[in-house]
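*Asks:* Give me a model of this one.
(one chain, ligands or ions: 2)
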Amino acid sequence: MTTAERPLLAQEILALASEAVPQLSIATVYRNLKALQDEGTIKPVVLPGQNPRYELASYGHHHHFQCRRCGRVFDFKACPGNLEHLAPTGFTVEEHEIILYGQCRDCVVTKADHSRPLAGC
Ligand SMILES: [Zn+2]
Ligand SMILES: [Zn+2]
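*Replies:* Numbering: from 1, shown residues only. Ligands and ions are numbered 1, 2, ... in the order given. Predicted coordinates:
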């Protein structure tokens, strides 16, 4: 496994799980995701305007990188730390989300072959 960790869409989970359980349905995936979320095992990762992706809740504080070419979202651990100083005077920062956009390792390598960039990005 040389790929970075990444949160998955329900559809991606279905595609992966279908290799082991061919009769699996998207409804079953959603039901299991909801149960896992209710018990606190996983949490949703929501990027603006996109379907939720899911990752382990135990992964801790981290941020996300979305590849504009293939659309996949990856985790990265680096964090700039306290961003309190970016907020207007008198405001209190409670948490932050950071999403970097660019091209993943796979897409940079295969750039010459790719002719289907995501629309609108
Ligand atoms: Zn990519
Ligand atoms: Zn952070």
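
*Asks:* any chance you could map the helices in the chain?
*Replies:* If DSSP state H is used as the criterion, the helices of the chain fall at 10-17, 26-38, 105-109.

*Asks:* show me the contacts for the closest residue to residue 26 other than its chain neighbours.
*Replies:* In this structure, residue 26 finds its nearest non-sequential neighbour in residue 14, 5.4 Å apart by Cβ to Cβ, 6 or more residues apart in numbering. In this view, the C-beta of every residue, glycine as well, is placed from N, C-alpha and C. For residue 14, the contacting residues are 24-26, 29, by Cβ atoms under 8 Å, 6 or more residues apart in numbering.

*Asks:* Ok, residue 76 next?
*Replies:* For residue 76, the contact set (Cβ under 8 Å, 6+ apart) comprises 4, 62-65, 100.

*Asks:* Over to residue 65?
*Replies:* With contacts defined as Cβ under 8 Å, 6+ apart, residue 65 is in contact with 73-76, 99-102, 104.

*Asks:* Point out the least confident one among those residues.
*Replies:* Comparing pLDDT over the contacts of residue 65, residue 76 scores lowest. The value there is 91.
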